[in-house]
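Colleague: Pasted the sequence and its predicted model underneath.
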Amino acid sequence: MNFAVLVFPGSNCDIDCYKAVEQTVGQPVDYVWHTATDLSKYDCIIVPGGFSYGDYLRSGAIARFAPVMAEVAKAAAAGKYVIGICNGFQILTEAGLLPGALRRNTSLKFRCHSSILRVENNKTPFTTQYEVGELIDIPIAHGEGNYYCDEATLAQLKQNNQIVFRYADNPNGSVEDIAGVCNEQGNVVGMMPHPERAVNQLLGSEDGKKMFTSILNAWREQHGAASIG
């Protein structure tokens, strides 16, 4: 299984994501620059956190116009796996690949600490190894993580089981404690917390490992290969 970790000017979690793939699933992984125009070799695309283009105008607002994003949209439409983490989540909402938007934290402060999430949907390729209702410790690091959508969109998210994670203790004011969502097909997931920073107990938690092993299992099942434990 081939993984791509996108790199924009200002990305700063790309190395973390690369190392998480190496250490959790041991699959081929490449850094892919934002000017790339071909992602056809990749089965999973990770849009990492950071401050793409300095977060000018609005977080993710410039990155969504990068050449590589047209390829990300094409991959998502083809059913390939896409995950946006923190700034990557912001980019995916700006690009229209996920519903909603991320606003300033209600505290108007940058929040960087451990966060307890509740798994709401374990049917996405990224969450099959979790249990619904399971509490997991995944750190956050953001100033604009306040997830917002209008009432009609919220109703649709609930109807389609698109809310993937909720905060147990909402740190940013997100509507209905939402920490992560997916598209209707379930192959595109966005979340503000950082699973790549929770893959080893030395980091304080290894609850993020199951996200990476889940996606490898989903791909192997899709291709008729044996799953991993």
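Modeller: Structure received.
Colleague: Now the closest residue to residue 21 other than its chain neighbours: phi and psi?
Modeller: Leaving aside its chain neighbours, residue 21 sits nearest to residue 29 (4.4 Å; criterion: Cβ to Cβ, 6 or more residues apart in numbering). (Each C-beta comes from the backbone N, C-alpha and C, glycine too.) The phi/psi pair for residue 29 (degrees, to the nearest 10) reads phi -140, psi 140.
Colleague: how about residue 29, what does it touch?
Modeller: Contact analysis of residue 29 by Cβ atoms under 8 Å, 6 or more residues apart in numbering lists 2, 3, 4, 5, 18, 21, 22.
Colleague: Report the beta-bridge partner residues of it.
Modeller: For residue 29, the beta-bridge assignment (DSSP bridges) gives partners residue 3.
Colleague: Contact partners for the closest residue to residue 120 other than its chain neighbours?
Modeller: Closest residue to residue 120 apart from its sequence neighbours, by Cβ to Cβ, 6+ apart: residue 163 at 4.9 Å. By Cβ under 8 Å, 6+ apart, the residues touching residue 163 are 120, 121, 157, 176, 178, 180, 181.
Colleague: Give the bridge partners for residue 163, please.
Modeller: Beta bridges link residue 163 to residue 181 when assigned by DSSP bridges.
Colleague: Relative to residue 198, how far out is it?
Modeller: Distance, residue 163 to residue 198, by Cβ to Cβ, to the nearest Å: 20 Å.
Colleague: Residue 103 touches residue 144, doesn't it?
Modeller: Yes. Counting by Cβ atoms under 8 Å, residue 103 touches residue 144, with 6.3 Å between them.
Colleague: Looking at these two, which is more packed in?
Modeller: residue 144 (20 against 17; other Cβ atoms under 10 Å).
Colleague: Now do the same for residue 112: helix, strand or coil?
Modeller: Assigned by DSSP: H, G, I helix; E, B strand; the rest coil, the conformation of residue 112 is strand.
Colleague: wouldn't it be in contact with residue 145 here?
Modeller: No. Using Cβ under 8 Å, residue 112 is not in contact with residue 145, being 10.7 Å away.
Colleague: of these two, who's got more company?
Modeller: Comparing residue 112 with residue 145 by other Cβ under 10 Å, the one with more neighbours is residue 145, at 28 against 13.
Colleague: Now do the same contact list for the more buried one.
Modeller: Taking Cβ under 8 Å, 6+ apart as the test, what residue 145 contacts is 86, 102, 105, 111, 171, 172, 174, 192.
Colleague: In strands only, show me these.
Modeller: Within those, residues falling in strands by DSSP state E are 102, 111.
Colleague: The chain: strands as residue ranges?
Modeller: For the chain, applying DSSP E gives strands covering 3-7, 29-33, 44-47, 81-85, 101-103, 111-113, 116-119, 135-137, 140-142, 146-148, 163-167, 178-182, 188-191.
Colleague: quick check: mean pLDDT across the first one?
Modeller: Yep, that's strand 3-7 we're talking about. The average pLDDT for strand 3-7 rounds to 98.
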